[in-house]
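**Q** How does the following fold in three dimensions:
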Amino acid sequence: MLTPPQPITVGSVSYTDVPVLRNEYVELQPLSAEHHDDLVKAVSVDDLWQTWFTHIPSPESMSAEIERRLARHAEGLIAPWAIIDPTTSKAVGMTTYLNPDPANRRLEIGSTWIGREVQGTRINPAAKLLLLERAFDAFGCIAVEFRAHWHNHQSRAAIAKLGAKQDGILRNHTIFENGTIRDTVVFSILDSE
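**A** Sure, this is the predicted structure:
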């Protein structure tokens, strides 16, 4: 019988802990089923979930996506948050720590999406700042990675605006459910940056 992986820790802090994180512009709460209705509303504006070059859950698949992320969290593989707009106290998106690698003091911030109504506001960069501060300050990471579809110019520009440098492109990296093939652009921010 396989045993689940043990929490990946640095001192007493685990890479997969999901505390509430907040600043003036955003609050990150541990993802839960309670966020479902808000998240359905967020993806429904302009049918955000139909964006072909990214994985955004549809209104009908939101429960399954929340359950999938929570199951992966229980396995010690990710740390998922709901992104909360503090002006409305509503969930407007999701974000996650992926691929925790404490031996190399790295992790990835990804599986992030935010509703169209808050795109272009301070919410996304403020959320990324909270996650970057935790990665560098609490975990002592030497690098934090971001990935985006080659065709997702909006995400690529937002990642670059954070100060991330493009490391390279993984060509023909992933086959999407719709049959398209994703070239994945990899970025990172180093602790020295």
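**Q** ranges for the strands of the chain?
**A** Ranges of strands in the chain, per DSSP state E, are 9-10, 13-14, 21-22, 27-30, 79-85, 90-101, 106-114, 143-149, 165-175, 181-190.
**Q** just checking, which of those sits deepest inside the structure?
**A** Sort the strands of the chain by mean neighbour count, taking mean count of other Cβ atoms under 10 Å, and strand 79-85 sits at the top with a mean of 25. In short, each C-beta sits where N, CA and C put it, glycine included.
**Q** now the angle from that strand to strand 90-101?
**A** On the basis of axes from the mean of the first three to the mean of the last three Cα atoms, to 10 degrees, strand 79-85 is oriented at 150 degrees to strand 90-101.
**Q** Check what contacts strand 79-85 and list those residues.
**A** 15-18, 21, 26-32, 35, 38-39, 69-70, 72-73, 90-97, 100, 111-112, 114, 118, 123-124, 127 (Cβ atoms under 8 Å, 6 or more residues apart in numbering).
**Q** returning to that earlier point: switch the strands of the chain over to JSON lines; also include mean pLDDT and distance to Trp49.
**A** Below are the strands of the chain laid out as JSON lines (pLDDT from 0 to 100; distance: least, Cβ to Cβ, whole Å):
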{"stretch": "strand 9-10", "mean pLDDT": "58", "distance to Trp49": "35"}
{"stretch": "strand 13-14", "mean pLDDT": "82", "distance to Trp49": "31"}
{"stretch": "strand 21-22", "mean pLDDT": "98", "distance to Trp49": "25"}
{"stretch": "strand 27-30", "mean pLDDT": "98", "distance to Trp49": "21"}
{"stretch": "strand 79-85", "mean pLDDT": "98", "distance to Trp49": "16"}
{"stretch": "strand 90-101", "mean pLDDT": "97", "distance to Trp49": "12"}
{"stretch": "strand 106-114", "mean pLDDT": "96", "distance to Trp49": "9"}
{"stretch": "strand 143-149", "mean pLDDT": "96", "distance to Trp49": "15"}
{"stretch": "strand 165-175", "mean pLDDT": "95", "distance to Trp49": "18"}
{"stretch": "strand 181-190", "mean pLDDT": "95", "distance to Trp49": "17"}
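**Q** List just the one of these that sits closest to Gln50.
**A** Gln50 lies closest, by Cβ to Cβ, to one member of the strands of the chain: strand 106-114, at 12.3 Å.
**Q** Show me what that closest one is packed against.
**A** Contact analysis of strand 106-114 by 3 or more Cβ pairs under 8 Å, 6 or more residues apart in numbering; DSSP states H and E lists strand 79-85, strand 90-101, helix 123-133, strand 143-149 as its packing neighbours.
**Q** on that earlier part again, and the strands of the chain as a markdown table, adding distance to Trp52?
**A** What follows is the strands of the chain, written out as a markdown table (distance: least, Cβ to Cβ, whole Å):
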| stretch | distance to Trp52 |
| --- | --- |
| strand 9-10 | 38 |
| strand 13-14 | 35 |
| strand 21-22 | 31 |
| strand 27-30 | 27 |
| strand 79-85 | 22 |
| strand 90-101 | 18 |
| strand 106-114 | 14 |
| strand 143-149 | 9 |
| strand 165-175 | 13 |
| strand 181-190 | 10 |
